[in-house]
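# Below: sequence and its predicted model.
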Amino acid sequence: MNTHIEKNKKIEYGDFQTPKELADLVCQKLVEIDVSPHCVIEPTCGLGAFLESATTIFTHTNKLVGVEVNLAYLNQLKVRSKIFSHPERLDIREGDFFKFEWNKLLKELDGEILVLGNFPWITNATQSVISGSNLPHKTNFQNHSGFDAITGKSNFDISEYMLIKVAEWFQHRPGYLAMLVKISVARKFLTHLYKTNTGLSYSAIYRIDAMKHFGAAVDAGLLYARFDPSLHNYDYDVFDSLSSQSHYRVGHRHGLTVKDLDTFEKLGYLLGNSNEKWRSGIKHDCSEIMELTEKDGKLFNGLNELVDIEPNYVYPLIKGSDVANNRISTTHRFILVTQKTVGEPTKPIKTMAPKTWAYLEYHANYLDSRRSKIYQNNPRFSIFGVGSYTFSPWKIAIGSLYKNLNFRLVGPTQNKPIVFDDTVYFLSFENYEEAKKVFDFLYSQDTQKFLSTLVFWEDKRPIKTSILNSLKLNARKALIQQLQLF
């Protein structure tokens, strides 16, 4: 088979075959925490490392069922399984997770079930890129609405969908789940159980060294859940490793996922709503045309074309990487801002800035072919993430993709307000004095601790507006009074 095709197939099926050593460690950990199932199901069993470990370690289990869609793996497993401990307990079947009749199988199995294994480590967006078909029927299963449903938040890990389907198996029966997944997926899944009020008695995440076991630079771990329809315990423990006793407690409070409950509760006075809102920078999805670079006093676009347009709609631009690395005093980047508010008509540009309109029309093939649905049924050459706040002279900004809580106080340049790309979140202010007060508050010890209880650094975008907007900015007055007591 062509090497490129083989690679795509490996990606399509999230093909990280579990090494036997790790499967043994997982099964031993489950025995250690008193998991003793009547039956084990491995829904995507691959070459069967977990089945092999389970036949040896779960000595009292009556039946072990493995389901696999890859026929080459299935045939190898059937040959290998003859030397497993008590192979008569094994039931190996061909099946596609998304089409298999799971309810029929579950009715065949009595007692408590352990669902064990390693679901694919791939997103639906990656599947689309490689034209993969290992996908569920496309539905908005996360129930996103509006803007979130048609932008990045509609992307999801295939394993997240699969975990949610497995959780449905335990709506009316107790049982266990133990699955190797990305840490971010484990947290999303446990949040889903909380939001859906799924019966749960205990859950935990045990970190693993994915580079050692899979050669993958991924934050991954063992997700463990003990289902019980009569209980609803949604706080969970996160352990440093399968062997570690050291852990911290994560829970859900006030609609937020909190990774340090003790500190969060001590600093509860900082939680609340504020009049000032953190906003995202401008989204345009066409950097070649909309973003410009100044060279020797002239502007060039991403195609390296000289751009001669009126200055009316051109603003200095700072990106998330600039904010993260404190490159905020000067910039050679600019952006074409076609609207003052979302949905504003763009036709007036033709009269007010004819050269700018001609530039946009000349490059219309780039702008009109933007793939995101948000541009449909909106004025031509629209942008998003724009409002009166975009044009305020003073701003406090933070990069959403970087693993720190470094805020920057940013003022105007060249007599224009600086604007940001959509990897930046910011607050806007009309004067320096008020901006500086809030900036100092954000760097106070308590504020930094409070925000740290809500940020999960392994996330692709660890800083989120939901976290920033949970901070009550006017609580700075209470903080000042508190400090004055000492």
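Yep, that arrived.
# where along the stretch 351-486 of the chain do the strands fall?
Secondary structure of the stretch 351-486 of the chain (DSSP state E, counting those that start in this stretch): strands at 394-399, 408-410, 419-420, 424-429.
# Output the contacting helices and strands for the helix or strand hosting residue 221.
Per DSSP states H and E, residue 221 falls inside strand 220-227. The contact analysis (3 or more Cβ pairs under 8 Å, 6 or more residues apart in numbering; DSSP states H and E) places strand 220-227 against helix 20-32, helix 158-168, strand 175-182, helix 183-195, strand 200-208. To be clear about C-beta, it is placed using only N, CA and C from the backbone, and glycine gets the same treatment.
# Next SSE downstream of it?
Next in sequence after strand 220-227, counting helices and strands by DSSP H and E, comes strand 236-239.
# quick one, which of the helices and strands packed on strand 220-227 is nearest to residue 348?
Nearest to residue 348, of all the helices and strands packed on strand 220-227, is helix 183-195, at 43.3 Å by Cβ to Cβ.
# Strands along the stretch 51-200 of the chain, start to end?
For the stretch 51-200 of the chain, applying DSSP E, counting those that start in this stretch gives strands covering 63-68, 90-94, 113-118, 175-182, 200-208.
# Burial check on residue 299, number of neighbours?
18 (other Cβ atoms under 10 Å).
# Would you double-check that it falls in a helix?
No. Under DSSP: H, G, I helix; E, B strand; the rest coil, residue 299 falls outside any helix and is assigned strand.
# Going forward, count from 8.
Got it, the first residue is 8 from now on, which makes the last one we talked about residue 306.
# from memory it sits against residue 317, does it?
No. Counting by Cβ atoms under 8 Å, residue 306 does not reach residue 317; the two are 11.3 Å apart.
# ok, now how distant is residue 102 from residue 112?
Distance from residue 102 to residue 112, counting by Cβ to Cβ, to the nearest Å: 9 Å.
# hmm, I was thinking of residue 295
Applying Cβ to Cβ to residue 295 and residue 112 gives a distance of 52 Å.
# Pick out whichever of the two has more residues nearby.
residue 112 (19 against 13).
# which residue sits closest to residue 327, ignoring its sequence neighbours?
Leaving aside its chain neighbours, residue 327 sits nearest to residue 430 (3.3 Å; criterion: Cβ to Cβ, 6 or more residues apart in numbering).
# In contact with the one you found, which residues?
Counting by Cβ atoms under 8 Å, 6 or more residues apart in numbering, residue 430 makes contact with 288, 326-328, 406-408, 468.
# And the residues you listed, which of them are buried?
288, 326-327, 406-407 (16 or more other Cβ atoms under 10 Å).
# Please identify which two of the residues you listed are farthest apart in space.
Farthest pair in the buried ones among the contacts of residue 430 (Cβ to Cβ) is 326 and 407. Separation: 11.3 Å.
# distance between the ends of stretch 101-114?
End-to-end span of stretch 101-114 (Cα to Cα, to the nearest Å): 18 Å.
# Could I get the average pLDDT for it?
For stretch 101-114, mean pLDDT rounds to 96.
# Out of the strands of the stretch 358-493 of the chain, which gets nearest to residue 52?
Using Cβ to Cβ, those put strand 401-406 closest to residue 52, at 41.6 Å.
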